[in-house]
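Novice: Sequence plus predicted model, see below.
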2 protein chains.
Amino acid sequence: MGLVVQKYGGSSVADAEGIKRVAKRIVDAKKNGHQVVVVVSAMGDTTDELIDLAGEVSPIPSGREFDMLLTAGERISMALLAMAIKNLGHEAQSFTGSQAGVITDSVHNKARIIDVTPGRIRTSVDEGNIAIVAGFQGVSQDKKDITTLGRGGSDTTAVALAAALDADVCEIYTDVDGVFTADPRVVKKARKIDWISFEDMLELAASGSKVLLHRCVEYARRYNIPIHVRSSFSGLQGTWVSNEPQGDQKMEQAIISGVAHDTSEAKVTVVGVPDKPGEAAAIFRTIADAEVNIDMVVQNVSAASTGLTDISFTLPKAEGRKAIDALERAKGPIGFDSLRYDDQIGKISLVGAGMKTNPGVTATFFEALSNAAVNIELISTSEIRISVVTRADVVNDAVRAVHTAFGLDSDSDEAVVYGGTGR
Amino acid sequence: MGLVVQKYGGSSVADAEGIKRVAKRIVDAKKNGHQVVVVVSAMGDTTDELIDLAGEVSPIPSGREFDMLLTAGERISMALLAMAIKNLGHEAQSFTGSQAGVITDSVHNKARIIDVTPGRIRTSVDEGNIAIVAGFQGVSQDKKDITTLGRGGSDTTAVALAAALDADVCEIYTDVDGVFTADPRVVKKARKIDWISFEDMLELAASGSKVLLHRCVEYARRYNIPIHVRSSFSGLQGTWVSNEPQGDQKMEQAIISGVAHDTSEAKVTVVGVPDKPGEAAAIFRTIADAEVNIDMVVQNVSAASTGLTDISFTLPKAEGRKAIDALERAKGPIGFDSLRYDDQIGKISLVGAGMKTNPGVTATFFEALSNAAVNIELISTSEIRISVVTRADVVNDAVRAVHTAFGLDSDSDEAVVYGGTGR
């Protein structure tokens, strides 16, 4: 009977029918005795259409104005959703990010939430209303300008509001049934995960799983807000993301949570780097100064004969040009031989807190890849994740092989559970 | 070198090309040394599309949510316009009605402006920016909810901002060259008016001229803000609306400003009303309580034999049903015989401050109608206007006949000027 924050993405409210379907679901939650706060994204393709319009009037739109433009999208969806709820006989009020007290820094297009002061939302729900809040947007603390939160912003709005309102749960409604052990488009036998820890979810998100973004999970972990990812099209239970499994969720906790893959990255290799202190630092300072985010970093063993080594790293393809240009300019001072750029790579990651205490996991992983004739180019590990880089065209085969090897297939009885054999 | 407020309507910013054309015009004003504040409407059909969407999710949308929805339209156009201006190398910032300090009452969909506190706009232009403000919208004083101003709201926003900022002029850009002596679609020889007084413009607006709405002119008169109505498609001078003509405008001031017509009204006749004190009051209290706005009111001479009279009035067709229902319910207490409803009427009005001192005007007007074989059903006059109601299908002929009779045709040398013969 507590307060529930629900978030609906653009695909759930793509048209008037979608909005009416979502309105019914929200009213059901209200009828069940909950106070309900809803965060909504822009309808379907609205944001893309607005971006196209901006492109027509200006090749490089101003950040402030771009944010003002994009936030029109949620304004439309939230008002329509409130109308649809009222049409079902329940009271609803919509609020912009600013009205909902979502205070951000001033970095337009990818602002970060600094504070949430949800006084108007609290008053609205205490008066018996369903509060509808625009996702993805806020207002800057210093200039009172409208800001947007960047990718996954609506999920982050929902989690931040849930934290500020001390909600029981943050329900993220989407067009899939939850988080799966692998991307179901690649692995037909992928299973829906009933419960996953914040830590494993963070690693999956960082490794290419698209269902929840890293930033939103991080926020939920910091404030310990359980997330329930579920479909707005079905009535099924989805995936719970929280600190501790509850009830019968515990039974199913496996060593391995899932297999993620990512083909959106490219690999840069800096060839012939003098093997002496400060070289890697110089390279990565150059990259950082160019505001490029990198992912994996691997340094090969230096060849004793030459005193030179190679350093490889991966980064989003979209930032490849920027990184290469920055490094070329710094070639003299840093003193490397050459650069190699490769955007035909893929990354496969195995994630699971159980692997910390199960040394056999790594071996099983590499055996599975070997049996599938997948060649490994880079390896990187954390305590609860192993990632490898391969050719892009073998990624799908590799994901399926690993998924099967760890007993994750939906028709398998061999799911590796805590206390299992750790093969 | 003062401050100019410019307003651009939806047809001027209907697409990306329109936005870029308007941006150039704004930058030209800035280059001429003016501080520039721009009020912009939603692009082309945006508002209609949003209204359609609302209709799809709810037959009777909530006023608060409807306003939240519609204001997305200006948010899009103003952000795009600011981007387009910045793309021309000038600084621009967009502001919502709320950010611009447009404070209204809480009557959603047709809020009235209570106050304008344009601190952010003043700061923005003082810093050298062109400020772009969303027309048609504000924020309610008590609840801080988003409101819209109803029909002609963007023009009113522009005039209100011009008053609050003590602007030199409020330029209303539209898709016609200015205010004409008659509707150019009906009268091919209609002439653009170079200058017109607030009073004459108010009468024209009340009589069916669509270029400026009554409400906006009233606001401009109260704060003595000269309005310049002109085309955003041409570079021509348009029509100045102000207290006093300036420079060579004075030369052209005619007795008659123009001929307006209106076919959007219907006529209600209350038949057989006892000719005694209080009857008319009872009828119009009934109408007022039904929140119906009426226009002309005419009472015929009572027939001595019966002691009964007829009272006729005109009102917008859209409100006809409401008025008839209210009167039917009050038939017993008021004690009239029957009601007649007629929506096949038209109104022709002749407007000009000069007619006060020129008794021949009325005679010329009726002679022109008579010569055109137009039958007159109702007559109503003010000091600077004569209006008649006729059958709807003769309105266009009537307008042309009157326009010619007063020498207003563009190829005529006979324009009736101050000190003229007053025929």
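Specialist: Sure, I can see it. Residues are numbered from 1 along each chain as shown, chains lettered A, B, ... in the order given.

Novice: so where do the strands sit in the stretch 51-200 of chain A?
Specialist: Taking DSSP state E, counting those that start in this stretch, the strands of the stretch 51-200 of chain A run over residues A:92-95, A:102-104, A:113-116, A:130-134, A:137-140, A:146-148, A:169-174, A:195-197.

Novice: scratch that, the stretch 201-350 of chain A
Specialist: A:227-231, A:239-242, A:258-262, A:265-274, A:297-299, A:308-316, A:338-342, A:345-351.

Novice: What residues sit buried inside the fifth one?
Specialist: By neighbour count on 16 or more other Cβ atoms under 10 Å in any protein chain shown, the buried set for strand A:297-299 is A:297, A:298, A:299. From N, CA and C alone the C-beta is placed, and that goes for glycine too.

Novice: what do you get for stretch A:28-41?
Specialist: Quick answer for stretch A:28-41 (16+ other Cβ under 10 Å): A:29, A:30, A:34, A:35, A:36, A:37, A:38, A:39, A:40, A:41.

Novice: Give me the subset of these that lies in helices.
Specialist: Among these, the members found in helices (DSSP state H) are A:29, A:30.

Novice: Give the bridge partners for residue A:258, please.
Specialist: Assessed by DSSP bridges, residue A:258 has beta-bridge partners residue A:351.

Novice: Can you check the pLDDT for it?
Specialist: Looking at residue A:258, its pLDDT reads 95.

Novice: So it is in contact with residue A:184, correct?
Specialist: No: assessed by Cβ atoms under 8 Å, residue A:258 is found out of contact with residue A:184, at 11.2 Å.

Novice: So for these two, which residue has more residues nearby?
Specialist: More crowded of residue A:258 and residue A:184, by other Cβ atoms under 10 Å in any protein chain shown: residue A:258, with 29 against 15.

Novice: Now do the helices in the stretch 301-423 of chain A.
Specialist: A:320-329, A:331-334, A:360-371, A:395-405 (DSSP state H, counting those that start in this stretch).

Novice: same check, this time on the stretch 51-200 of chain A
Specialist: Going by DSSP H, counting those that start in this stretch, the stretch 51-200 of chain A shows helices at A:63-70, A:72-87, A:119-126, A:153-164, A:198-206.

Novice: about what we covered before: can I get the strands of the stretch 51-200 of chain A in CSV with mean pLDDT and distance to chain B?
Specialist: Below are those laid out as CSV (pLDDT from 0 to 100; distance: least, Cβ to the nearest Cβ, whole Å):
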stretch, mean pLDDT, distance to chain B
strand A:92-95, 97, 5
strand A:102-104, 97, 16
strand A:113-116, 96, 18
strand A:130-134, 98, 9
strand A:137-140, 96, 10
strand A:146-148, 96, 8
strand A:169-174, 95, 18
strand A:195-197, 93, 35
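
Novice: got those strands as TSV, with mean neighbour count columns?
Specialist: Conversion of these to TSV gives the following (neighbours: other Cβ atoms under 10 Å in any protein chain shown):
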stretch	mean neighbour count
strand A:92-95	27
strand A:102-104	27
strand A:113-116	17
strand A:130-134	30
strand A:137-140	26
strand A:146-148	29
strand A:169-174	25
strand A:195-197	24
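
Novice: tell me how far stretch A:60-77 is from the chain's mean position?
Specialist: Relative to its chain's centre, stretch A:60-77 lies at 22 Å (Cα atoms, centre = their mean, to the nearest Å).

Novice: close to chain B, is it?
Specialist: Yes: interface with chain B: stretch A:60-77 contributes A:60-62, A:64-66, A:68-69, A:71-73, A:75-76 (Cβ under 8 Å from any Cβ of the partner chain).

Novice: Show the buried residues in those residues.
Specialist: Buried members of the residues of stretch A:60-77 next to chain B, scored by 16+ other Cβ under 10 Å, are A:61, A:62, A:64, A:65, A:66, A:68, A:69, A:71, A:72, A:73, A:75, A:76.

Novice: So the fourth one sits against residue B:84, correct?
Specialist: No: checked against Cβ under 8 Å, the pair residue A:65 and residue B:84 is beyond contact range at 9.4 Å.

Novice: ok, the closest residue to chain B within the stretch 101-250 of chain A to residue A:297 distance?
Specialist: Taking Cβ to the nearest Cβ, chain B has its nearest neighbour within the stretch 101-250 of chain A at residue A:144, 7.4 Å off. The spacing between residue A:144 and residue A:297, counted by Cβ to Cβ, to the nearest Å, is 40 Å.

Novice: same deal with residue A:78?
Specialist: From residue A:78 over to residue A:297 (counting by Cβ to Cβ), the distance is 42 Å.

Novice: again, but for residue A:71
Specialist: 37 Å.

Novice: where in the stretch 201-350 of chain A is pLDDT low?
Specialist: A:247-254, A:301-304 (pLDDT under 70).

Novice: Swap in 90 and give it another go.
Specialist: Filtered on pLDDT under 90, the stretch 201-350 of chain A yields the residue ranges A:210, A:232-235, A:244-255, A:273-282, A:288-310, A:332-335.

Novice: how close does the residue sitting furthest away from the middle of chain A sit to residue B:217?
Specialist: Distance from the C-alpha centroid of chain A peaks at residue A:305, with 44.1 Å (Cα atoms, centre = their mean). Distance, residue A:305 to residue B:217, by Cβ to Cβ: 90 Å.

Novice: again with residue A:59
Specialist: 41 Å.

Novice: Of these two, which one has the most company?
Specialist: The neighbour comparison of residue A:59 against residue B:217 (other Cβ under 10 Å) goes to residue B:217, with 26 against 9.

Novice: Residue A:105 - how many residues pack around it?
Specialist: Counted with other Cβ under 10 Å, residues neighbouring residue A:105 total 15.

Novice: What does it show for phi and psi?
Specialist: phi -80, psi -170 (degrees, to the nearest 10).

Novice: likewise residue A:291?
Specialist: In this entry, residue A:291 is assigned phi and psi values of phi 60, psi 40 (degrees, to the nearest 10).

Novice: Show the contacting residues for it.
Specialist: residue A:322 (Cβ atoms under 8 Å, 6 or more residues apart in numbering or on different chains).

Novice: Over to residue A:114?
Specialist: Residues counted as contacts of residue A:114 (Cβ under 8 Å, 6+ apart) are A:103, A:104, A:105, A:141.

Novice: Give the closest residue to the residue nearest the centre of chain A in space, chain neighbours not counted.
Specialist: Nearest to the geometric centre of chain A sits residue A:213, at 1.5 Å (Cα atoms, centre = their mean). Nearest residue to residue A:213, sequence neighbours excluded (Cβ to Cβ, 6 or more residues apart in numbering or on different chains): residue A:152, at 3.2 Å.

Novice: looking at it, the one you found is touching residue A:210, isn't it?
Specialist: No: the criterion here is Cβ under 8 Å, and residue A:152 misses it with residue A:210 at 9.5 Å.

Novice: Look at those two and report which has more neighbours.
Specialist: The residue with more neighbours, out of residue A:152 and residue A:210, is residue A:152; 18 against 14, by other Cβ under 10 Å.

Novice: Need phi/psi at that one.
Specialist: phi 70, psi 10.

Novice: Spit out the contact partners of it.
Specialist: Applying Cβ under 8 Å, 6+ apart, we find residue A:152 in contact with A:212, A:213, A:214, A:215, A:216.

Novice: before we move on, the earlier item: with residue B:371 as the reference, name the closest of the strands of the stretch 201-350 of chain A.
Specialist: strand A:227-231 (75.1 Å; Cβ to Cβ).
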